[in-house]
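1. Let me see the structure of the following:
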Amino acid sequence: MSDRYTVARITRNGEHFEILVKPQPALSYTMGKETLISEILVTDTIFTDANKGTKAGEDKLKAAFETTDTRKIAEIILKRGTLQLTTNQRRQLTAEKRKQIITFIARQAVDPKTNLPHPPIRIEQAMGEIRYSIDPFKETEEQAKDIIKLLRPALPLKVEQIQVEVRIPPQYAARTYGTVKNYGTIKREEWHADGSWFSVVEMAAGLYGPFLDKLGELTKGNAEAKKKL
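-> All right, here's what the predicted structure looks like:
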């Protein structure tokens with residue numbers, strides 16, 4: 001295909017169906033963005049082989065989709081079928097997924113010698129030395145765990161969860177609640193009569209340092225946080 005159009009396809013009842021679509025609107029649609037089908041389709045035709053220009057017969061469409069309405073069928077193909085990415089799209093999505101994986105590793109894993117996270121640039125350089133084909137549609141966490149195993153011989157990594165006790169004065173409690181929650185899972189919390197807040201938060205060990213910095217910034221150094229022994 002080309003950057004001007006590509007193919008979305010599906011197999012139903014043993015029959016193969018394809019539509020010609022505009023690459024970017026089609027990708028936006030499959031990723032959940034509101035896009036009109038009319039802006040996606042290159043032609044209002046359902047094919048059995050788009051390359052050969054072979055159209056699907058109405059009897060096959062009716063049997064497979066219970067309709068012959070092109071746009072309703074196109075919706076089904078885009079939602080449940082497979083979209084063929086252009087070279088540029090795959091390159092861009094893979095680069096974005098790579099950044100997400102690096103961020104995940106930097107946040108979740110630490111150097112076991114120092115208990116500090118590795119800088120993202122160091123993780124990126126180490127990833128360049130291993131052979132791992134990043135799948136732009138596979139879950140970030142699942143791929144990151146596989147990559148961590150491959151990186152360990154060259155880049156020591158330890159994934160560890162810690163619990164942090166947090167005490168926040170009343171004047172800062174409400175505004176910092178959401179931030180604290182974003183750093184981990186609140187395992188226990190207590191709201192005191194004076195409006196102050198105590199919590200025990202479970203988080204990745206690599207987030208502890210950034211968490212302390214953020215908490216200090218939001219409370220002007222008035223909050224207390226320490227690892228639970």
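
2. isn't residue 165 right up against residue 229?
-> No - under the criterion of Cβ atoms under 8 Å, residue 165 makes no contact with residue 229, lying 9.5 Å away. For the C-beta atoms, the positions are set from N, CA and C on the backbone; glycine is no exception.

3. Neighbour count: these two, which is higher?
-> Taking other Cβ atoms under 10 Å, residue 165 and residue 229 do not tie; residue 165 has more neighbours (15 against 5).

4. May I have the strands that pair with whatever helix or strand that one lives in, each with its orientation?
-> Secondary-structure element containing residue 165, defined by DSSP states H and E: strand 161-168. In the sheet containing strand 161-168, its partner strands are strand 197-204 (antiparallel), strand 224-227 (antiparallel), by DSSP bridges.

5. how about that strand: buried residues?
-> Applying a neighbour-count criterion of 16 or more other Cβ atoms under 10 Å, the buried positions in strand 161-168 are 162, 164, 166-168.

6. What is the subsequent helix or strand relative to it?
-> Tracing the chain C-terminally past strand 161-168 and defining elements by DSSP H and E, one meets helix 170-183 next.

7. model confidence over that next one, on average?
-> Per-residue pLDDT values across helix 170-183 average out to 93.

8. That one to strand 161-168, inter-axis angle?
-> Per axes from the mean of the first three to the mean of the last three Cα atoms, to 10 degrees, the angle that helix 170-183 makes with strand 161-168 is 160 degrees.

9. just how off-centre is the helix or strand that helix 170-183 is followed by within its chain?
-> Beyond helix 170-183 in the direction of the C-terminus, DSSP H and E gives the next helix or strand as strand 185-191. When C-alpha coordinates are averaged (Cα atoms, centre = their mean, to the nearest Å), strand 185-191 and its chain have centres 27 Å apart.

10. For strand 185-191, give me every contacting residue.
-> By Cβ atoms under 8 Å, 6 or more residues apart in numbering, the surrounding residues in contact with strand 185-191 are 163, 173, 180, 197-203.

11. Considering those residues, which possesses the most neighbours?
-> residue 180 (24 neighbours).

12. Return the distance of it relative to residue 137.
-> Applying Cβ to Cβ, to the nearest Å, the value for residue 180 to residue 137 is 32 Å.

13. tell me what the longest helix along the chain is packed against?
-> For the chain, the helix that runs over the most residues, judged by DSSP state H, is helix 87-108. Judged by 3 or more Cβ pairs under 8 Å, 6 or more residues apart in numbering; DSSP states H and E, the packing partners of helix 87-108 are helix 23-30, helix 120-127, helix 140-151.

14. would you turn the ones you listed into TSV with distance to residue 94, mean pLDDT and mean neighbour count?
-> Compiled in TSV, these are given as follows (distance: least, Cβ to Cβ, whole Å; pLDDT from 0 to 100; neighbours: other Cβ atoms under 10 Å):
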stretch	distance to residue 94	mean pLDDT	mean neighbour count
helix 23-30	13	94	20
helix 120-127	12	94	16
helix 140-151	11	92	16
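
15. Any chance of CSV for those helices, columns distance to residue 80?
-> Compiled in CSV, the helices and strands packed on helix 87-108 are given as follows (distance: least, Cβ to Cβ, whole Å):
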stretch, distance to residue 80
helix 23-30, 10
helix 120-127, 33
helix 140-151, 22
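
16. Domain-wise, how is the protein divided?
-> Taking automatic domain parsing as the domain assignment, the record places the domains of the chain at 6-83, 87-158, 160-227.

17. what about the second one, start to end distance?
-> With Cα to Cα, to the nearest Å applied, domain 87-158 spans 35 Å between its terminal residues.

18. And stretch 134-142, by the same measure?
-> Across stretch 134-142, the terminal residues are separated by 11 Å (Cα to Cα).
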